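**Student:** the following comprises the amino acid sequence and a computationally predicted model.
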Amino acid sequence: MDSNYGIKIWSDDNFIIEDGLAKINYDCKPSLISIVKDVRKQDFKGPLLLRFPHITEKQINTLYNTFNASIREYDYKGSFNAVFPLKVNQLPNFIHPLINCGKIFNYGLEAGSKAELIIAMTYNNIGAPITVNGFKDKEMIHLCFIAKNMGHNITIIIEGLNELEMIIEVLNETKLVCPNIGLRVRLHSGGSGMWAKSGGINSKFGLTSTEILEAFELMEDNNIVNHLTMIHFHIGSAMNSIKPLKKALRESGHIYAELKNLGAKNLTSINIGGGLAVEYSAYERTRFYSLSEFANDVIFTIKDIAKQKGVEEPNIFTESGRFISASATVLVAPVLELFSAEYELDHLNLKEANPPLIQELYDLYRDMSQKTAYEFMHDSIDHMESLLTLFDLGYIDLQDRSNAEILTHQIIKKAISFLEVDGYEELKKLDENIQEKYLVNFSLFQSLPDYWGIDQEFPIMPITHLDKKPTRSASLWDITCDSDGELPFDLKKPLYLHDVNLNEEDYFLGFFNVGAYQDTLGMKHNLFSHPTEVNVVFKDGKVVLEKILESQKIIDILEDIDYDTDEIKNILKGRLQEDIYKDLEKYLNENSYLKTIWSYYE
Ligand SMILES: *Cc1c(COP(=O)(O)O)cnc(C)c1O
C-alpha cells in the first residue's frame, strides 16, 4: 500500500485526497467528512451509506460513449443497448436516479425473479428494453406477457425448452401479444473470474446446441420464429481478463449467424451479459483491460463473424451491473475504540518494589533509541509472555500484570514512532503481535457480505488524517458478537491506520466500491439491519442530502422477523412501572447500531 491507500488504483478519480481529507472529485468537491457531519447533525448516528447518483450517471455515460465510439470506429451497422441487472442493486434510492439518468440512452432493466420483474414493469421507461433471465415458471412467463401488453419492450430469455413450451401455452391460453424471445446459449468455452460457474458447458444455465435446434423447430411449428430476437450469454461476474469473452463472442456469434441462415429473420441481437470488472484492490491492478479494449473486442469480433457468414451485423446488448453500480456507494463507519487505548501511560501504577521483569520492561521503555527500537520491542514481547506465565502460576498479582501490559504497549508505540521512517519497510518487519485492533461501528455481515462469503477485498481508507502518516498495522472488528466479523491484518495486503485518541477526535473509515451486490446480499446477523443511507446530489454548486432513510428501528426489525410487536410492548409494559417503560419505549424506536461517546456531546 502506498501512503494514499491505493486511491489511484481503485477510485477512478471519483475521490481524491486534498488537505488531508477524502473528497468527492465533482462539482464543489466536498469532503466526505463534511457530508458525514451534516447527516450526523440531523441525529443520524452509526454507520452511513452514502450514494452518489452522479457516479452512476458517469458510469452509464462511459459505457454508452465507449461502445458508440467503437461502433463509429469500425463502421459497425448494429446499435449498442444496455440494461441494468436488478439483482446487483434493487434498492429504490439507487434505482430511481439510475432510471432517470439512463433515459436519454434508452437504458433498460434486467430481471431475474418475479419481484424484480415487477420493479422493471413499474419503473422502466416505456420503450427501453427489459430482459428476463433465470429460471421461470408459467406465472412468471404470464407476467412477461402482461408487461408486453403494457407497452414494454420485453425479451424473455429462455434457459430451457420447458420455458419455451410454457410461452406457447400462455400464448394459446391468453391470446395476449407474445413478447420477444431470447435464447441463452450454453457455451463450451468457460468463463473467468470468481463466478465462472455462470458460463461453460457445465454451467447452471442455457441451452446446448441440440436444444437450440430443437427450440428453433418448436418455434417454427408454433409460428413464433418471428419473435426470436436475441442470443444471450453471460460468462460470469468480475472478469479479470478479456480472453474468455473473446471465445464466448466467437461461439455465440456463430450460433447467431447459423440461426439467421436457418431463417430466424427477426433475430437481430446478441446479448453479451455482464461481467465487466471493477478495481477493488488497493495494492495492484487486478483488471487487465480497459473499457475501450473491451468494446473494441466485442464490436470487432462480431463484425468479423457477420462478414464471414454473410449475415447482418447484430445489435449488441450488455447487462453489466457491477461496473455501473459498485463505485456509486461508500460506507462510512465510525471507529468506536482502539483496543490499546486502555494502555495509556497514566494508568501505570508501579510499586515501590516491582518484580525484576517489570523493572526491566520499564528500563526498556526508558532507554529505547532508534537503534535499539526493534530489538527492545521484541524483548518486551518476550518479557510479556513470561510475565503472563508468572501470573498464571500465582507469582505476580493483577497490578503487576496491568503494569506489564501497559509498559509493553507503550514500548511498542515508542518503537513504531522510531521506526516510521520513509516507506513502510521497517514497519512491515514488525510481527503480527503488535497490530492495533479498531472496533468499528458496523456489521460486516450486513455491509460487506462478500468479504465474509467469498473473501472479496474492498478499498478501505480513513476519510480524515490523510496528511499524516498512518503508523498502526490495523485489524478491524465489527460490532457483531461473531468472531468472523473481523478484517484481520494481512501482511501481504497490510492496512495501516492512524493512532488516534477517540476521546479527543472522531475517526471514520470509508469502505469504497460497495454499491454492487452488498446492499441486498447483506444479512441481519445479530439483528443489525441496513445502515442509514442518503443520496448525495449536487444542485447549484451545493451539496443536497436527499432521501435520508434511517436504519431500521429495533421494533421494526423485530416485526420484520415476524414477532408480534404489540405483544412485545404489552409484555414489557405489564412488567414495568410506567416511567421506566417510557425509557424503554424510546429505545425500541431507535436503531440498533451503537452510539459513539461523541454523539452524546454533539
Ligand atoms: C448477474 C448477472 C449479470 C450482472 O453481472 P455483473 O458482473 O454484475 O456485471 C448480468 N447478466 C446476468 C444474466 C446475470 O446473471
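**Tutor:** Yep, that arrived.
**Student:** how many residues are close by the residue of the stretch 201-350 of the chain found nearest the ligand?
**Tutor:** Across the stretch 201-350 of the chain, the shortest distance to the ligand (C-beta to the nearest ligand atom) belongs to residue 274, at 2.4 Å. Just so you know, the C-beta spots here come from the backbone N, C-alpha and C atoms, and that holds for glycine as well. Neighbour count of residue 274, defined by other C-beta atoms under 10 Å: 27.
**Student:** with residue 461 instead?
**Tutor:** 25.
**Student:** repeat that for the one 10 residues further on.
**Tutor:** Taking other C-beta under 10 Å as the neighbour definition, residue 471 ends up with a count of 18.
**Student:** who touches it in this structure?
**Tutor:** Applying C-beta atoms under 8 Å, 6 or more residues apart in numbering to residue 471 gives the contacts 416-417, 420, 427, 496, 498-499.
**Student:** which of these come close to the ligand?
**Tutor:** Near the ligand, taking C-beta under 6 Å from any ligand atom as the test, no member of the contacts of residue 471 is found.
**Student:** just the buried subset of those residues, written out for PyMOL, thanks.
**Tutor:** To isolate the buried members of the contacts of residue 471 in PyMOL, using 16 or more other C-beta atoms under 10 Å:
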select buried, resi 416+427+496+498+499
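**Student:** out of the contacts of residue 471, which one has the lowest pLDDT?
**Tutor:** Least confident entry in the contacts of residue 471, by pLDDT: residue 427, with 64.
**Student:** SS state for residue 533?
**Tutor:** With DSSP: H, G, I helix; E, B strand; the rest coil as the basis, the three-state label of residue 533 is strand.
**Student:** double-check it against residue 92; I have them as touching.
**Tutor:** No - using C-beta atoms under 8 Å as the test, residue 533 is too far from residue 92 to be in contact (10.5 Å).
**Student:** any idea how far the residue most central in space within the chain is from residue 175?
**Tutor:** Nearest to the geometric centre of the chain sits residue 514, at 2.7 Å (C-alpha atoms, centre = their mean). Using C-beta to C-beta, to the nearest Å, we find residue 514 at a distance of 47 Å from residue 175.
**Student:** and the closest residue to residue 212 other than its chain neighbours, what element?
**Tutor:** Distances taken as C-beta to C-beta, 6 or more residues apart in numbering place residue 183 nearest to residue 212, at 6.0 Å, with adjacent residues excluded. Element membership of residue 183, judged by DSSP states H and E, is strand 180-184.
**Student:** which other helices and strands does that strand contact?
**Tutor:** With contacts taken as 3 or more C-beta pairs under 8 Å, 6 or more residues apart in numbering; DSSP states H and E, strand 180-184 sits against strand 153-158, helix 209-221, strand 228-232.
**Student:** partner strands of it, with direction?
**Tutor:** The strands beside strand 180-184 in its sheet (DSSP bridges) come out as strand 153-158 (parallel), strand 228-232 (parallel).
**Student:** got phi/psi on residue 187?
**Tutor:** Dihedral angles of residue 187 (phi, psi; degrees, to the nearest 10) stand at phi -80, psi 150.
**Student:** what pLDDT does the model give it?
**Tutor:** Residue 187 is given a pLDDT of 86.
**Student:** for the ligand, what are the nearby residues on the stretch 151-300 of the chain?
**Tutor:** 234, 237-238, 273-276.
**Student:** let's have the residues you listed in TSV, adding distance to residue 434.
**Tutor:** Output for these, formatted as TSV (distance: C-beta to C-beta, whole Å):
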residue	distance to residue 434
234	46
237	37
238	34
273	47
274	43
275	41
276	40
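**Student:** out of those, which one sits closest to residue 350?
**Tutor:** Using C-beta to C-beta, residue 238 comes nearest to residue 350 of these, at 55.5 Å.
**Student:** neighbours of the closest one, just the number please.
**Tutor:** Quick note: residue 238 (other C-beta under 10 Å) scores 22 neighbours.
**Student:** assign a three-state SS to it, would you?
**Tutor:** Of the three states, residue 238 takes coil under three-state DSSP.
**Student:** same question for residue 49.
**Tutor:** Residue 49 is classified as strand under three-state DSSP.
**Student:** ok, it touching residue 329?
**Tutor:** Yes - in this structure, residue 49 is within contact of residue 329 by C-beta under 8 Å, at 6.0 Å.
**Student:** what average pLDDT does the strand ranked longest in the chain get?
**Tutor:** Secondary structure of the chain per DSSP state E: the longest strand is strand 329-338. Strand 329-338 shows a mean pLDDT of 95.
**Student:** how far off centre is that strand?
**Tutor:** Offset of strand 329-338 from its chain centre (C-alpha atoms, centre = their mean, to the nearest Å): 15 Å.
**Student:** beyond it, next helix or strand please.
**Tutor:** That would be, after strand 329-338 and using DSSP H and E, helix 356-367.
**Student:** number of residues surrounding residue 308?
**Tutor:** Count around residue 308 with other C-beta under 10 Å applied: 11.
**Student:** got the buried residues for stretch 348-364?
**Tutor:** Quick answer for stretch 348-364 (16+ other C-beta under 10 Å): 354-355, 357-358, 361-362, 364.
**Student:** neighbouring contacts of it?
**Tutor:** For stretch 348-364, the surrounding residues in contact (C-beta under 8 Å, 6+ apart) are 376, 379-380, 383-384, 386-387, 390, 395-396, 399-400, 402-404, 406-408, 410-411.
**Student:** just the buried members of those residues?
**Tutor:** Buried among the contacts of stretch 348-364 by 16+ other C-beta under 10 Å: 376, 379-380, 383-384, 387, 390, 396, 400, 403-404, 406-408, 410-411.
**Student:** from those residues, which is closest to residue 565?
**Tutor:** Looking across the buried ones among the contacts of stretch 348-364 and measuring by C-beta to C-beta, the closest to residue 565 is residue 406, at 47.1 Å.
**Student:** would the closest one count as being in a helix?
**Tutor:** Yes - when three-state DSSP is applied, residue 406 is found to be in a helix.
**Student:** can I assume it is in contact with residue 343?
**Tutor:** Yes - Residue 406 is within contact range of residue 343, at 4.7 Å (criterion: C-beta under 8 Å).
**Student:** what distance do you get for the closest residue to residue 123 other than its chain neighbours to the ligand?
**Tutor:** Excluding its sequence neighbours, the residue lying closest to residue 123 (C-beta to C-beta, 6+ apart) is residue 99, at 5.6 Å. Residue 99 sits 17 Å away from the ligand, taking C-beta to the nearest ligand atom, to the nearest Å as the criterion.
**Student:** so where does residue 99 fall, helix or strand?
**Tutor:** helix 92-102.
**Student:** so what does that helix touch, helix or strand wise?
**Tutor:** For helix 92-102, the contact count by 3+ C-beta pairs under 8 Å, 6+ apart identifies helix 53-73, strand 80-85, helix 114-123, helix 322-325, strand 532-539 as packing neighbours.
**Student:** got a pLDDT number for residue 195?
**Tutor:** At residue 195, pLDDT is 48.
**Student:** can you pull the contacts of the closest residue to the ligand within the stretch 451-600 of the chain?
**Tutor:** Across the stretch 451-600 of the chain, no residue is closer to the ligand than residue 516, which sits at 6.0 Å (C-beta to the nearest ligand atom). By C-beta under 8 Å, 6+ apart, the residues touching residue 516 are 88-89, 278, 321-322, 325-326.
**Student:** same deal with residue 57?
**Tutor:** Neighbours of residue 57 in contact, by C-beta under 8 Å, 6+ apart: 97, 101.
**Student:** how about 7 Å then?
**Tutor:** If you count contacts by C-beta atoms under 7 Å, 6 or more residues apart in numbering, residue 57 has them with residue 101.
**Student:** from residue 563, how far off is it?
**Tutor:** 41 Å.
**Student:** neighbours of residue 170, just the number please.
**Tutor:** 22.
**Student:** dump the residue contacts of it.
**Tutor:** Residue 170 touches 138, 141-142, 145, counting by C-beta under 7 Å, 6+ apart.
**Student:** circling back: so which of the helices and strands packed on helix 92-102 is the most surrounded?
**Tutor:** Mean neighbour count (mean count of other C-beta atoms under 10 Å) peaks for helix 322-325 among the helices and strands packed on helix 92-102, with a mean of 26.
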